[in-house]
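Trainee: Okay, predicted coordinates and the sequence, questions at the end:
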Number of protein chains: 2
Amino acid sequence: MIETHFWEQLAMIAQCGTLSAAAEKLYLTQPALSRSMKKLEELLGVELFTRGKNKITLNESGELAAKCAVRMLELESETVERIRIFDRMRRTITIGSSGPSALSDLVGLLSQLYPGMAVSSELMDEETLLRHVRDGAMQLAVVTHPEDDEDLFCMKYMEEALYLVVPENHELAGLSHLYLKDIDGYTILLHSNIGFWMDLCREHLSHSRFLLQNDFETFKELADASDFLFFTTSWQLEHASHPKNKKYLPIIDEEANITYYIICRKKNVAQFGLLFPGQ
Amino acid sequence: MIETHFWEQLAMIAQCGTLSAAAEKLYLTQPALSRSMKKLEELLGVELFTRGKNKITLNESGELAAKCAVRMLELESETVERIRIFDRMRRTITIGSSGPSALSDLVGLLSQLYPGMAVSSELMDEETLLRHVRDGAMQLAVVTHPEDDEDLFCMKYMEEALYLVVPENHELAGLSHLYLKDIDGYTILLHSNIGFWMDLCREHLSHSRFLLQNDFETFKELADASDFLFFTTSWQLEHASHPKNKKYLPIIDEEANITYYIICRKKNVAQFGLLFPGQ
DNA sequence: TCGGATTACGTGCACCGTAATGATC
DNA sequence: GATCATTACGGTGCACGTAATCCGA
């Protein structure tokens, strides 16, 4: 059996042309490399070089061996990479959601339940989510509708209600609740990455203008300091601080009161025993 | 970079199930193997085992790694074998002939001209010979007809004349020469491996009975001691001793007086510079 | 004279084996 | 008690580097 470093040295010599150049690249001395190749020839029982007095060249067998060496080294490094990636994936839970709050909530929950695991999370539309869960690219997904599928496990996860935040002196501030149609036309501050909520806004507030913010901190500052209308949800009200000098008006449309369902392949349910107690 | 012996040890552990069993098969002690696998995990940066108090098992990453290890080891041993075979082939000249004398002659000549090379020789029909030369399986072939082909080099090699050997008191002994038809009907001692000569006998001596001999020594003893007719050739008369108390009658049919041609691929001519001087 | 290859020689460390320990059946 | 794995410790061989030599451009 030939150790890997022999193949690496041989490949390097083929690449560099001389022992000395190869030795330098390999952080070896010339004598060491010379000896090593002698040993390789002995182990193979095959002469790989034609040796002149002060030059050494690969012969035909050596050329073949060097080509093979390169292939083996490629396989070896690919293999190592594959093992590392597999191991990393094995200890990361990949999840997705169509809504940001549910995603944050689940990330937090999983991090607590499985302290050794990394959690990789992504916001995406529900069709893509379901496809990813089905083909195994994603282990868990949170969607806004229950899914009845013989391969998929589905469980109610949480509810979330939409609120409109208005300045206390705003004309809407006196209302106890409202419908989406009531605010269609108002200019609204909106975060960009809000998943399905964006579709909801586009659909029901077609006359409104949206001030889109990519950065969450900027959004928060603007929301705090300005008199723009913006949305929040029951989940955010529970988990984050909100300015006191605002009125929080529940939006009572059915579409604005969401029930989240968590989805995973039935064959993976056991893997998430802590998340699905009793299943 | 991971040395081969790590992969071998991992594969062996996967095969055997326990460290101790694997260690024994690898001619190692348990502690050595235990340390070695720790080191492998460190090099990979991946845990491969779940360690109980007195048992150790491959985890999922370890299973993958072990499978990969087997594949790499297979590639490695295939590669070594391939290099060895290539090297051996590189230093053997593979030749063939349709006739035995020309084959012996060429083997002897090549062994003299290329002392470092092995010569692999085979007797076979001319059609097969030409095919082998064309596809590279054979470097040189000796045939009884010139071959005109743009890919093939062809050179006259030697001539050979057939003789009938008869006891001095035989009814044919008085003749100075004869034709094949003159001996059709006689019982003749014949060696089995005589290439195209056999076809010639079958064709022109259809009424003769042949006493076929596989073993050359047996043939020689019988030829010497008995009064059976048998054949020899000009080449054999030159290169081997023949009994004095026999008459050697040349057979003057055209088919019994052979000119041999040596064939090789034009692209290989240079390789046999000593054999084809001036080409 | 310089660059490249091999040979000779001394050394350090990596890995091995032995022995001891812990743990489970 | 038997088996299996890990830890501790001491020894050895192997592969390395340094130095010297040889050779050719």
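Mentor: Yep, that arrived.

Trainee: do you know how far A:His258 is from DNA strand C?
Mentor: No His there; residue A:258 is Ile. The spacing between A:Ile258 and DNA strand C, counted by CB to the nearest atom of the strand, to the nearest Å, is 49 Å. (Glycine included, C-beta is placed from N, CA and C.)

Trainee: and that residue, what does it touch?
Mentor: A:Gly99, A:Thr144, A:Glu159, A:Glu160, A:Ala161, A:Leu162 (CB atoms under 8 Å, 6 or more residues apart in numbering or on different chains).

Trainee: now with 7 Å?
Mentor: Listed by CB atoms under 7 Å, 6 or more residues apart in numbering or on different chains, the contact set of A:Ile258 reads A:Gly99, A:Thr144, A:Glu159, A:Glu160.

Trainee: Can you select the buried ones from these in ChimeraX?
Mentor: To isolate the buried members of those in ChimeraX, using 16 or more other CB atoms under 10 Å in any protein chain shown:
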select /A:99,144,160
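
Trainee: Among the contacts of A:Ile258, which one lies nearest to chain B?
Mentor: Checking the contacts of A:Ile258 against chain B by CB to the nearest CB gives A:Gly99 as the nearest, at 32.0 Å.

Trainee: Got the phi and psi for the residue lying closest to that closest one once chain neighbours are set aside?
Mentor: Spatial nearest neighbour of A:Gly99, chain neighbours left out: A:Gly195 (4.5 Å); criterion: CB to CB, 6 or more residues apart in numbering or on different chains. Main-chain torsions, A:Gly195, degrees, to the nearest 10: phi 60, psi -130.

Trainee: Pull the number of nearby residues for A:Gly195.
Mentor: Using other CB atoms under 10 Å in any protein chain shown, A:Gly195 is surrounded by 21 other residues.

Trainee: Report the contact partners of it.
Mentor: Neighbouring residues of A:Gly195 by CB under 7 Å, 6+ apart: A:Ser97, A:Ser98, A:Gly99, A:Pro100, A:Leu123.

Trainee: Go ahead and confirm A:Thr29 touches A:Ala22.
Mentor: No: applying CB atoms under 7 Å, one finds A:Thr29 not in contact with A:Ala22, separated by 11.2 Å.

Trainee: So if I had to pick from those two, which one is more boxed in?
Mentor: Neighbour tally, A:Thr29 and A:Ala22, criterion other CB under 10 Å: the higher count belongs to A:Ala22, 22 against 13.

Trainee: Let me know the helix or strand that that one is in.
Mentor: Secondary structure assignment for A:Ala22, by DSSP states H and E: helix A:19-25.

Trainee: Briefly note if that helix comes near chain B.
Mentor: No: judged by CB under 7 Å from any CB of the partner chain, helix A:19-25 and chain B are separated, with a smallest distance of 13.7 Å.

Trainee: Quick check: buried residues in that helix?
Mentor: For helix A:19-25, using 16+ other CB under 10 Å, the buried residues are A:Leu19, A:Ala22, A:Ala23.

Trainee: ok, now stretch A:106-118?
Mentor: A:Leu106, A:Val107, A:Leu110, A:Tyr114.

Trainee: do stretch A:163-175 as well
Mentor: Going by neighbour count (16+ other CB under 10 Å), the buried part of stretch A:163-175 is A:Tyr163, A:Leu164, A:Val165, A:Val166, A:Pro167, A:His170.

Trainee: So which bits of chain A are right by DNA strand D?
Mentor: Listed as neighbours of DNA strand D in chain A under the rule CB under 7 Å from any atom of the strand: A:His5, A:Tyr27, A:Leu28, A:Thr29, A:Pro31, A:Ala32, A:Arg35, A:Ser36, A:Lys39, A:Gly52, A:Lys53, A:Asn54.

Trainee: make it 10 Å
Mentor: Proximity of chain A to DNA strand D, by CB under 10 Å from any atom of the strand, involves residues A:3, A:5-6, A:9, A:23, A:26-36, A:39, A:43, A:52-55.

Trainee: re earlier: will you turn the buried residues of helix A:19-25 into JSON lines that also has pLDDT?
Mentor: Below are these laid out as JSON lines (pLDDT from 0 to 100):
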{"residue": "A:Leu19", "pLDDT": "92"}
{"residue": "A:Ala22", "pLDDT": "93"}
{"residue": "A:Ala23", "pLDDT": "94"}
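
Trainee: If we check DNA strand C, which of these are in contact?
Mentor: Among the buried residues of helix A:19-25, the residues within reach of DNA strand C (CB under 10 Å from any atom of the strand) are A:Leu19, A:Ala22, A:Ala23.

Trainee: Contact partners for the first one?
Mentor: If I follow you right, that is A:Leu19. A:Leu19 makes contact with A:Ile13, A:Gln30, A:Leu33, A:Ser34, A:Ile56 under the criterion CB under 7 Å, 6+ apart.
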